[in-house]
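>>> return a 3D structure for these sequence lines:
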Amino acid sequence: MDAGAAAIASEKKVQSSSYTYWVRQATSEAAPLPVPRKIDPLDACNQTNGTHIGSAWNRAGTWEEKNMNTWSSNRIKELVMSVGSLEFPNGKAGVTEVTRCSGDAFLVTVRNKKRVGYTYELTIKLKGEWEIQGEKRKLGGRIDVPEFSLGELDDLKIEVKLTEDKDVVSVEDKQRVISDLKLFLQPLKKRLLQFEEELKAQ
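Predicted structure coming up:
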């Protein structure tokens with residue numbers, strides 16, 4: 001048997017065999033190749049049930065993490081600035097700028113359940129005016145809010161420092177001004193609790 005005849009015999013043997021194998025050429029009996037299809041947002045909305053959360057592509061509700069840093073930083077600054085000013089027995093002061101707002105915030109979907117978390121630090125600039133030794137004195141201060149996280153705002157701590165106190169000679173007067181500025185703790189805590197609730201609602 002020559003080479004040509006051997007090849008024909010081998011081909012017939014393969015064709016008569018029940019063994020199935022992958023071939024490069026498509027035949028009339030082969031299943032059509034899968035065609036990728038872009039997700040239609042309208043179809044995704046129509047298929048959504050009442051319990052699904054997360055992105056349209058994550059229908060199974062498996063792990064999905066969303067970075068919330070930009071939204072959180074902007075929202076914290078807006079809420080802190082909304083504190084405005086406070087009146088004291090011998091003066092008043094107000095928030096003028098959030099000079100530092102650094103941290104991370106995230107939203108995680110795990111098994112179709114949503115979880116959020118954040119960790120932030122703040123530095124807030126204040127300006128005020130007090131009556132000291134019978135004269136009106138304009139003073140500046142700073143509030144540092146050390147690291148605070150989800151569920152820890154009840155224990156929120158602030159550190160207050162005077163940044164413009166050249167006109168205040170008495171230690172007693174300085175302590176009085178610092179005590180006044182510490183009264184910003186409660187309105188700050190209220191705004192940060194609001195941020196926390198808004199983050200949970202995302």
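>>> which one is the residue most central in space within the chain nearest to, not counting chain neighbours?
For the chain, the residue nearest the mean C-alpha position is Met68 (2.3 Å; CA atoms, centre = their mean). Nearest residue to Met68, sequence neighbours excluded (CB to CB, 6 or more residues apart in numbering): Ala105, at 4.0 Å. Yep, even glycine has a C-beta here, placed from its N, CA and C like the rest.
>>> just list whatever residues bridge to that neighbour.
For Ala105, the residues forming beta bridges with it (DSSP bridges) are Tyr118.
>>> so how far is Gln202 from it?
9 Å (CB to CB, to the nearest Å).
>>> spell out which residues are contacts of both of the two.
In terms of CB atoms under 8 Å, 6 or more residues apart in numbering, Ala105 and Gln202 are both contacted by the residues 68, 71, 116.
>>> in strands, which of those residues fall?
Val116 (DSSP state E).
>>> make CSV from the shared contacts of Ala105 and Gln202 and add distance to Asp154 and pLDDT to it.
Below are the shared contacts of Ala105 and Gln202 laid out as CSV (distance: CB to CB, whole Å; pLDDT from 0 to 100):
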residue, distance to Asp154, pLDDT
Met68, 22, 96
Trp71, 24, 97
Val116, 18, 95
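>>> hmm, back to that, next up, phi/psi of the residue nearest to the centre of the chain, please.
phi -110, psi 20 (degrees, to the nearest 10).
>>> over to Thr109?
Torsion angles, degrees, to the nearest 10, at Thr109: phi -110, psi 120.
>>> pLDDT value on it, please?
pLDDT, Thr109: 87.
>>> can you check Glu64 too?
85.
>>> separation between it and Val108?
As defined by CB to CB, Glu64 lies at a distance of 7 Å from Val108.
>>> which one's more surrounded, those two?
Ranked by neighbour count (other CB atoms under 10 Å), Glu64 and Val108 place Glu64 first, with 17 against 14.
>>> in stretch 93-104, what's buried?
Buried residues in stretch 93-104, defined by neighbour count with 16 or more other CB atoms under 10 Å: 93, 95, 98, 101, 103.
>>> contact partners of it?
Stretch 93-104 has contacts (CB under 8 Å, 6+ apart) with 69, 72-73, 76-77, 80-81, 83-86, 118-129, 139, 141-142, 147, 180-181, 184.
>>> in strands, which of these fall?
Those of those lying in strands (DSSP E): 85-86, 118-129, 139, 141-142, 147.
>>> select only the buried ones of the residues you listed in ChimeraX?
Restricted to buried positions by 16+ other CB under 10 Å, the ChimeraX selection for the ones in strands among the contacts of stretch 93-104 reads:
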select :86,118,120,122,124,126,127,128,139,141,142
